[in-house]
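J.: this one's sequence-less:
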């Protein structure tokens, strides 16, 4: 909300100051970038979510280091932290939270929850980021092909997209992942997410490409002798940058959620490799006696997905504000 | 229907019995019916007509930019060379180099993503090659020639930093940067207000004097066409209903449609008269 007036205020200032600025070929583009970043900085919600995303990414990168500091690795059993007489419940209150185990311990095994959250972030983010990168590349290429060439190219790509989007993807993912050998589960997960994920990006890109391809500047480029490849890469693609950035940011939380869901259903990441969805699944039987075990991974999953979504929404609004003012 | 007689051995542009049609499920729709005209160097031929009369289709046919679904028959000769049905590769070389086009809406005919200098330089480089640095200098020079002050600095500005009239000047600079022999202007002043329109028309006339470029000027505005062109073609429903020198057409229109068009122009000395409707069906009665 607060970013909208900021965006509106910035643009007239830019225009009036324009004749006094010195020549620099990157100035206009960097001013667009500056306008978007200043709109983002003006919004507390966008800043908070960006902060949390950075925190999670840092945690995931520094996982081995953090685990050294906390003293427990994610696969280490701690029998002294659980009470075997109570079916393996953590001894300390609040799910075993103590100076030793910062987020408590797992019931029965006594594995450190902090270490598993930290390593789980690694797994979740790696899967979500790689799936987002691949679906974006596939989605942008196929979407642009369909939108630019139309005709039978568009027919083929659009029908495949319709088919994949109408498909009961979750059921298919479960079936596929349980049928395939467990081998390298994270890679399989990324592949499955990509197969069903790219149409959502391609659909938007196709629509935008179609409208851009009919714009006069494309016709003008043709009239000045530009080749098809030059038109696709030099005229249309740069104008899609904003859309692509927003689509990626909004696709990531979807993949984090799906990965968690699949792991929750037991077809995702194979134990003992930790993942947030899998931890939540393990916590289900303990919800009454050890709610903290459920709460910690749930909170991380919730905040991460929320941060990406809020950030993506704000980014898309900041970019849109600029585009309508052009 | 009178044909414009070529004065030289091979006119710059010779359009002969050009027909453009689109095949649809319901049957074939012909949008341009066998039109013929020619353009000499340093000459401007105006094509007037209302929306849907086939003006723009004619210009796109000359540029070879018609959609793939269309079919074109007849002949289009550029400097004696038949270009209708030429390969896409060959046409691409001609576009920009031999023939260029200026479009109606200067607001959308420049790519918002690049500086105007980049866009002119790209158009130049596509045909003449050379370094980006050299092409940028050409771009600055071209912008100076179309009357943009401080062109050296303005080349690095983006389209949204220019006014509509300035953008049209830039489009003209882009079209003229390779010194084409033929310039097709498709309603170049329609989106501009009258004062800017006058400036742009003056600029185009001045550039034509300097370069000797032949021009096809498409417009629905009779006042504009009377100012810029030596020859006029009046089009209605895909046919040329009348053609001749500008004076002839304006002083002594032969065709009923042309007379109705001229009669529809509001006059400042005759303010009470209601706006006249042009009966486009007239042409079919002939």
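T.: Received it, and whenever you're ready, just let me know what you need. Remember, it's a predicted structure, so these values are computed and weren't measured experimentally.
J.: Who are the contact partners of the nearest residue to residue B:104 once chain neighbours are set aside?
T.: Of all residues beyond its chain neighbours, the one nearest residue B:104 is residue B:187 (4.1 Å), with distances taken as C-beta to C-beta, 6 or more residues apart in numbering or on different chains. The C-beta positions use only the backbone N, C-alpha and C, and glycine is treated the same way. Residue B:187 sits next to B:56, B:103, B:104, B:218, B:219, B:220 when contact means C-beta atoms under 8 Å, 6 or more residues apart in numbering or on different chains.
J.: hmm, 10 Å instead?
T.: B:55-56, B:59, B:102-105, B:217-221, B:224 (C-beta atoms under 10 Å, 6 or more residues apart in numbering or on different chains).
J.: go on, residue A:221?
T.: A:215, A:227, A:230-231, A:234-236, B:95-96, B:109-111, B:119, B:122-123, B:126, B:174.
J.: Can you tell me which of the residues you listed are buried?
T.: A:215, A:231, A:234-236, B:95-96, B:109-111, B:119, B:122-123, B:126, B:174 (16 or more other C-beta atoms under 10 Å in any protein chain shown).
J.: For PyMOL, write a command that selects the buried ones of the contacts of residue B:187.
T.: To isolate the buried ones among the contacts of residue B:187 in PyMOL, judged by 16+ other C-beta under 10 Å, type:
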select buried, chain B and resi 55+56+59+102+103+104+105+217+218+219+220+224
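J.: before we move on, back to that, what about the contacts of residue A:221, which are in strands?
T.: Nothing among the contacts of residue A:221 maps onto strands, per DSSP state E.
J.: Which parts of the chain are strands?
T.: Went with chain A since none was named. Under DSSP E, chain A gives strands at A:82-83, A:89-90.
J.: hm, I was asking about chain B
T.: According to DSSP E, the strands that chain B contains are B:13-24, B:27-39, B:44-48, B:70-78, B:81-82, B:99-102, B:182-186, B:214-219, B:231-236, B:239-245.
J.: still on that earlier bit, tabulate the contacts of residue B:187 (TSV), appending pLDDT.
T.: Below are the contacts of residue B:187 laid out as TSV (pLDDT from 0 to 100):
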residue	pLDDT
B:55	85
B:56	84
B:59	87
B:102	88
B:103	85
B:104	82
B:105	81
B:217	91
B:218	90
B:219	88
B:220	85
B:221	84
B:224	86
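J.: Turn the contacts of residue B:187 into a markdown table, columns for distance to residue A:128.
T.: Shown next, in a markdown table, are the contacts of residue B:187 (distance: C-beta to C-beta, whole Å):
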| residue | distance to residue A:128 |
| --- | --- |
| B:55 | 54 |
| B:56 | 49 |
| B:59 | 51 |
| B:102 | 49 |
| B:103 | 44 |
| B:104 | 46 |
| B:105 | 43 |
| B:217 | 57 |
| B:218 | 54 |
| B:219 | 56 |
| B:220 | 56 |
| B:221 | 58 |
| B:224 | 59 |
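J.: which residue ranges form the helices in chain B?
T.: Assigned by DSSP state H, chain B shows helices spanning B:55-63, B:88-94, B:116-128, B:132-145, B:151-154, B:164-176, B:194-211, B:222-228, B:246-251, B:256-263, B:282-285.
J.: for chain B, what are the nearby residues on the stretch 51-200 of chain A?
T.: Within the stretch 51-200 of chain A, the positions adjacent to chain B are A:150, A:151 by C-beta under 10 Å from any C-beta of the partner chain.
J.: Kindly state the pLDDT recorded for the residue in the stretch 51-200 of chain A that chain B sits nearest to?
T.: Nearest to chain B, among the residues of the stretch 51-200 of chain A, is residue A:151, at 8.2 Å (C-beta to the nearest C-beta). Reported pLDDT at residue A:151 in the predicted model: 86.
J.: residue contacts, it?
T.: Per C-beta under 10 Å, 6+ apart, neighbours of residue A:151: B:68, B:69.
J.: let's go with 7 Å and repeat that
T.: Taking C-beta atoms under 7 Å, 6 or more residues apart in numbering or on different chains as the contact definition, residue A:151 lies against nothing.
J.: Then residue A:85?
T.: Residue A:85 neighbours (C-beta under 7 Å, 6+ apart): none.
J.: Show the model's pLDDT score for it.
T.: In this prediction residue A:85 is given a pLDDT of 71.
J.: Same question for residue B:265.
T.: 75.
J.: what about it, how many residues close to it?
T.: A count of nearby residues for residue B:265, using other C-beta atoms under 10 Å in any protein chain shown, gives 11.
J.: My guess is it contacts residue B:221. True?
T.: No. Look at residue B:265 against residue B:221 with C-beta atoms under 7 Å: they stay out of range, at 9.6 Å.
J.: quick one: residue A:83 and residue A:100, what's the gap?
T.: 15 Å (C-beta to C-beta, to the nearest Å).
J.: what do you get for residue A:154?
T.: On the measure of C-beta to C-beta, residue A:154 and residue A:100 end up 61 Å apart.
J.: Same check on residue B:152?
T.: 70 Å.
J.: Would you enumerate the residues in contact with residue B:218?
T.: B:47, B:55, B:56, B:59, B:185, B:186, B:187.
J.: Now the residue positioned nearest the centre of chain B. Nearest residue, chain neighbours left out?
T.: With distances taken as C-alpha atoms, centre = their mean, residue B:185 lies nearest the centre of chain B, 2.3 Å away. Excluding the flanking residues, the one nearest residue B:185 by C-beta to C-beta, 6+ apart is residue B:102, at 4.6 Å.
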